[in-house]
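In: Sequence isn't available, so here's the structure alone:
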C-alpha cells in the first residue's frame, strides 16, 4: 500500500516506531511520551497484539497503559483475516486517539491485516490525525517497504535482507529495530541500496523515533538511532554482486542521534538537539 | 517511492509492462500499439537502456522504432547516477510522449535511477499523461514493489522471492515476466502472500498489459497474462513457514487472460474480451 492521502500535513498523526524492549516500569520515557502525544489521561488507545504468538501480550499492554493513567486502553485481538472485518473492532479504531502495535513477527501483521478494512482504516485515520506507535515487529510493519527478515553483519550483501510490503504509513523511511543489539547495519544498507530513494532508520532497543507531520523526527529513549541517507550515493555495485558477496557503496551519509536529536527529512539534515 | 500524485485519473498516461521477448519484426502487435497510444508517427519516444549490459540495446530499439515510423526516438544512456542529473536528458523526457525501458537487470534500473531527478520526472510526467512501457526488467521495475529475483516453481515458499522498491508508477499491481516460460507462479504468489493488498500480473513473453488511467488493463500479444487476486484470501501460513518449506494459501483467485482480455481493478473483475 502506498501512504494514505495526506492533503494537510498539519493534521497527520505521529508515526512512532520503537526499537523493541522499551522500558515499561522505571521511567518509561517512550510510553509516557506516546500517552502525552495522544492527549493524556482521557486518550483512547487501541492495542493490536497480532504480531505476537503469546496470548497475554495484549492484556499486558492494557494493564501497562492503565498504570500509566489511561483507563480507555483496549486490546483488539485480530488473529484471523476474518477478525479484521469486525465492525465492533473497527469502531474502536475509528474512535481511538492512538494505536499501539506490539512486537512479535511482522509477517504475522502483514499477512493478517494486509488489504483488510483494518489496515485501510488505520492508514486513513493516521492521515487524519490518529497517532500510531509500534514496537519491534510493530515498528518494522509501519512503512511502505518493510524489512521482513535478514541476516546480521555490517557489510551489505545482495541476499542479506527480505523486503515485503508493509502498512504504508510512510514511504520516506525504511525502519529496522533491535539495531545495535543485533548488528543490522548491513541489512538496512542492503534494503536502501536496492533503490536509494528512502532514508533508513535503525532503532536501538528502548529507543523511538517520533515522526511528526511533515516527516521530521525526534529521538526519545535510552539508546541511539542510526540514520542512513543514501541520497548522494555516488556508486553502488548492488546490481553486479552475486549472492553472499559484499556490495560496494560510495557516498552514503550516516548520523547517529540520541535522545533529543532531530532529523529533517525535507532538508536531509540532522541536529543533535 | 509511492505512486506519484494523480489528481485527475483521466489524465494519467498508460503503464505498459511487457513480458519480454516481444515480437519486433513480423506483426509487432505490442510495439505497434505502444506507438499508436503515444500518438503515432509524430510521437517522441525516449528509450532507457539502463537495465541492459549490452552497449547496443538502446540503438537497436532506436532503429526499431524508426522502422515503425517514429523518427523522434532517442536513447538516453543513463549509466551512472550522475548521468541522471543531466538537464539535456531530462529535457528529452520532459518533451516525450512515451518512455520505453529495455530488458536486462531490474536492479540496475533501481540502483541507477532510484531517487534521482530522472525517476522523479518519469513519475510526475506519467501522472500528467506520458505513457511508460517496459519489457522484462523494464516491466518488473515499474510498480512500487518490484520483484528483483527469485526461484522457479509453482508452490510458494517464504524465501522464494526478493522484493525491492521499484519506480512506483502503480501500487495496485505486482508484476512478473517471462511468466510461463520460467515457471514463476510460486514467486508471484509468495510476493502477494506477504501482504495480500495488491493484484499480481504474470506476463508471458511477447505479451503486454496496457494499464489504463484508472488501472483497468487490456491484454495485447501472443501469450497469456495470469492475474492473481488475493483479496479474499481466507488463510495463509506465510508467517509460520520456515525457509524452504511450502506455504499454504486458501482462497486465491486466478484468471488467465489472452489478447483482448480485460481486468477491472476496482471491481476485481475479469472479462475474456
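Out: Great, that's in hand. If you're wondering where the values come from, they're calculated on a predicted model, not measured in any experiment.
In: Can you name the residues that contact the closest residue to residue A:252 other than its chain neighbours?
Out: Distances taken as Cβ to Cβ, 6 or more residues apart in numbering or on different chains put residue A:230 closest to residue A:252, at 5.2 Å, once the chain neighbours are dropped. Yep, even glycine has a C-beta here, placed from its N, CA and C like the rest. Residue A:230 is in contact with A:192, A:193, A:196, A:199, A:200, A:249, A:251, A:252, A:253, B:115, counting by Cβ atoms under 8 Å, 6 or more residues apart in numbering or on different chains.
In: Report the separation between residue A:230 and residue B:201.
Out: Distance of residue A:230 to residue B:201, computed by Cβ to Cβ, to the nearest Å: 29 Å.
In: ok so, going back, any chance of the contacts of residue A:230 in JSON lines, with distance to residue A:61 and neighbour count too?
Out: Below are the contacts of residue A:230 laid out as JSON lines (distance: Cβ to Cβ, whole Å; neighbours: other Cβ atoms under 10 Å in any protein chain shown):
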{"residue": "A:192", "distance to residue A:61": "31", "neighbour count": "29"}
{"residue": "A:193", "distance to residue A:61": "35", "neighbour count": "29"}
{"residue": "A:196", "distance to residue A:61": "36", "neighbour count": "28"}
{"residue": "A:199", "distance to residue A:61": "29", "neighbour count": "23"}
{"residue": "A:200", "distance to residue A:61": "27", "neighbour count": "25"}
{"residue": "A:249", "distance to residue A:61": "39", "neighbour count": "21"}
{"residue": "A:251", "distance to residue A:61": "42", "neighbour count": "14"}
{"residue": "A:252", "distance to residue A:61": "36", "neighbour count": "19"}
{"residue": "A:253", "distance to residue A:61": "36", "neighbour count": "14"}
{"residue": "B:115", "distance to residue A:61": "37", "neighbour count": "23"}
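In: Return the subset of those lying in strands.
Out: With strands taken from DSSP state E, the overlap with the contacts of residue A:230 comprises A:199, A:200, A:249, A:253.
In: okay, the residues you listed in TSV with pLDDT next?
Out: Below are the ones in strands among the contacts of residue A:230 laid out as TSV (pLDDT from 0 to 100):
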residue	pLDDT
A:199	96
A:200	96
A:249	87
A:253	89
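In: export the residues you listed to JSON lines and tack on distance to chain B?
Out: Compiled in JSON lines, the ones in strands among the contacts of residue A:230 are given as follows (distance: Cβ to the nearest Cβ, whole Å):
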{"residue": "A:199", "distance to chain B": "10"}
{"residue": "A:200", "distance to chain B": "12"}
{"residue": "A:249", "distance to chain B": "10"}
{"residue": "A:253", "distance to chain B": "13"}
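In: Need the max-distance pair from those.
Out: A:199 and A:249 (14.7 Å; Cβ to Cβ).
In: So the most centrally placed residue in chain A versus chain B, what's the distance?
Out: Chain A has residue A:139 as the residue nearest its centroid, 2.7 Å off, counting by Cα atoms, centre = their mean. Residue A:139 is 16 Å from chain B, where distance means Cβ to the nearest Cβ, to the nearest Å.
In: For that residue, give me its contacts.
Out: A:17, A:18, A:19, A:20, A:101, A:175, A:177, A:203.
In: how about 7 Å then?
Out: Contact analysis of residue A:139 by Cβ atoms under 7 Å, 6 or more residues apart in numbering or on different chains lists A:17, A:18, A:19, A:175, A:177, A:203.
In: Kindly state the beta-bridge partners for the closest residue in space to the third one that isn't next to it in sequence.
Out: Of all residues not flanking residue A:19 in the chain, residue A:203 sits nearest, at 3.1 Å (Cβ to Cβ, 6+ apart). In this structure, residue A:203 has the following beta-bridge partners (DSSP bridges): residue A:225.
In: contacting residues around residue A:203?
Out: A:17, A:18, A:19, A:139, A:175, A:176, A:177, A:179, A:209, A:225.
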